[in-house]
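K.L.:
Here is a sequence with its predicted model. Questions after.
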Amino acid sequence: MKKKHLAMTLSRLEGFRNPKPELEQYRTPGDVAAELLWLAHSAGHIAGRTVADLGAGTGVLSIGAKLLGARKVYAVESDKEALEVARKNAEALGLEVEFINANVSEFNESVDTVVMNPPFGSQRRHADRPFLMKAFEVADVVYSIHLAKPEVRNFIERFSDEFGFKASLLKTLPFEIPAQFHFHKKKLKRILVDIYFFEKYLR
């Protein structure tokens, strides 16, 4: 599957039916998800691997990982309604994904690779920390999306180093957020996000 085809397939998946602002439930754009997954796939971290998508939402990254040949995929999501959409999205494509309705802190399976688009912390400061902490606990290789801001980049560098991981900024991309909450003033907001690769230090 080519990256362009992957992006188109992921863009067509059903999104959140009832997005919750406190959970920062924004659909991961197909092109951004495809970019992250393609970077991971090209590095040999998807095909034939066990992958966890922490905060899976409607399953965009989980399904993308499976389409690229992941051996097993765990989709971990606390919102039952979102997880049901993710399940239907996977079934529509004939893909087998293990869906887990739980907070990420409750997930304890060791995996080869974590892929995730955690909350940016716009509604609740440091909302991405539990996701990073769990990712560093269950995998040696992590791909994640974060706001492209100097203060976030500084935090990422420090925080990952504390947990014995090296953070590498792979790409900065536009991320489109359609108006879906009462506080949104524009029909479509474009922000910049960073795709990070985290790898455990060899001691």
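P.N.:
Looks like it came in fine. All figures in this text were calculated on a predicted structure; none of them were measured in a lab.

K.L.:
Now do the contacts for the residue most central in space within the chain.
P.N.:
Within the chain, one residue has its C-alpha closest to the average C-alpha position: by C-alpha atoms, centre = their mean, that is Met116, at 2.1 Å. Residues near Met116 by C-beta atoms under 8 Å, 6 or more residues apart in numbering: Asp53, Leu54, Gly55, Leu61, Phe131, Ala135, Val142, Tyr143, Ser144, Ile145. Every residue, glycine included, has its C-beta placed from N, CA and C.

K.L.:
Skip the chain neighbours and tell me the closest residue to it.
P.N.:
Leu54 (4.4 Å; C-beta to C-beta, 6 or more residues apart in numbering).

K.L.:
Beta-bridge partners for that neighbour, please?
P.N.:
Leu54 has these beta-bridge partners by DSSP bridges: Val76.

K.L.:
The residue nearest to the centre of the chain bridge partners, please.
P.N.:
Beta-bridge partners of Met116, as defined by DSSP bridges: Ser144.

K.L.:
Next, find the distance separating the nearest residue to Asp140 once chain neighbours are set aside from Val138.
P.N.:
Once flanking residues are discounted, Asp140 sits nearest to Lys200: 4.1 Å by C-beta to C-beta, 6+ apart. Relative to Val138, Lys200 is positioned 11 Å away (C-beta to C-beta, to the nearest Å).

K.L.:
More neighbours: which of these two?
P.N.:
Ranked by neighbour count (other C-beta atoms under 10 Å), Lys200 and Val138 place Val138 first, with 22 against 15.

K.L.:
looking at this, Ile177 is in a helix?
P.N.:
No: assigned with DSSP: H, G, I helix; E, B strand; the rest coil, Ile177 falls outside any helix and is strand.

K.L.:
That one contacts Tyr26, correct?
P.N.:
Yes: between Ile177 and Tyr26 there is a contact under C-beta atoms under 8 Å: 5.3 Å.

K.L.:
Which of the two has more residues huddled nearby?
P.N.:
Tyr26 (23 against 18).

K.L.:
Is the more buried one within a helix or a strand, and which one?
P.N.:
Under the criterion DSSP states H and E, no helix or strand holds Tyr26.

K.L.:
Just the pLDDT for it.
P.N.:
Note for Tyr26: predicted pLDDT of 74.

K.L.:
Over to Met1?
P.N.:
Here, the pLDDT recorded for Met1 equals 81.

K.L.:
what's the answer for the one 10 residues further on, then?
P.N.:
pLDDT, the model's per-residue confidence, is 93 for Ser11.

K.L.:
list the contacts for it?
P.N.:
Pro29, Gly30, Asp31.

K.L.:
Could you find the closest non-adjacent residue to Lys72?
P.N.:
Closest to Lys72 by C-beta to C-beta, 6+ apart is Thr50, at 4.7 Å.

K.L.:
How many neighbouring residues does the one you found have?
P.N.:
17.

K.L.:
That one contacts Asp112, correct?
P.N.:
Yes: contact criterion C-beta under 8 Å: Thr50 and Asp112 qualify, at 4.9 Å.

K.L.:
now Leu170: how far from Pro130?
P.N.:
The value you get for Leu170 to Pro130, if C-beta to C-beta is used, is 23 Å.
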